[in-house]
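Make a model of this:
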Amino acid sequence: MKRTIHDPNTRKMTVGGIVIVLIILLTSGCTDIISVRQKEQHIEIPQYADKVTLTVYTTPGCDFCIQVEAWCEELKREYGDRILIRYVDVTTEGGWDEFKKARLNITPSVVINGDTLQFNEITRENLRESIRTAMGVF
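I've put the predicted structure just below:
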């Protein structure tokens, strides 16, 4: 069972901030838009149609994190330019902020085009399957 902890320091992004982020992403090579409804307002989130993005949240010294990184690099060799891997060290201030915003609670965690695998869900096979699903290959 997941427990949610309320953090009074969490800031919500304003519509102006969202517009700025969208402009930056759209001018950086974004090729597709996914629409998301959040409460009563409509927000559009860019999605890179030609690449699968893996965001890997890790902690230095974590043996399983090292194993997951090795699997990701193996998959990068297999899929080449069709996947993009971002590594986020959650012990840094920016990494911790991103980790909290993603509502994750354990490392390693891998977010693949918005779908999350955490700790015991992460296997080489699950990573490969999630990448293939994100590519539309079944």
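
so where's the chain shaky on pLDDT?
1-50, 138 (pLDDT under 70).

and with 50 instead?
1-47 (pLDDT under 50).

Let me see the domain layout of it.
Following automatic domain parsing, one gets these domains for the chain: 15-47, 52-135.

Show the end-to-end separation of the longest one, please.
Its first and final residues considered, domain 52-135 spans 7 Å by C-alpha to C-alpha, to the nearest Å.

can you offset everything so residue one is 14?
Sounds good: first residue 14 from here, last item domain 65-148.

What distance do you get for residue 119 to residue 72?
9 Å (C-beta to C-beta, to the nearest Å). All C-beta spots, glycine's among them, are computed from the backbone N, C-alpha and C.

So the two - more neighbours on which side?
residue 72 (15 against 12; other C-beta atoms under 10 Å).

Let me see the contact set for that one.
By C-beta atoms under 8 Å, 6 or more residues apart in numbering, the residues touching residue 72 are 78, 102-104, 120-121.
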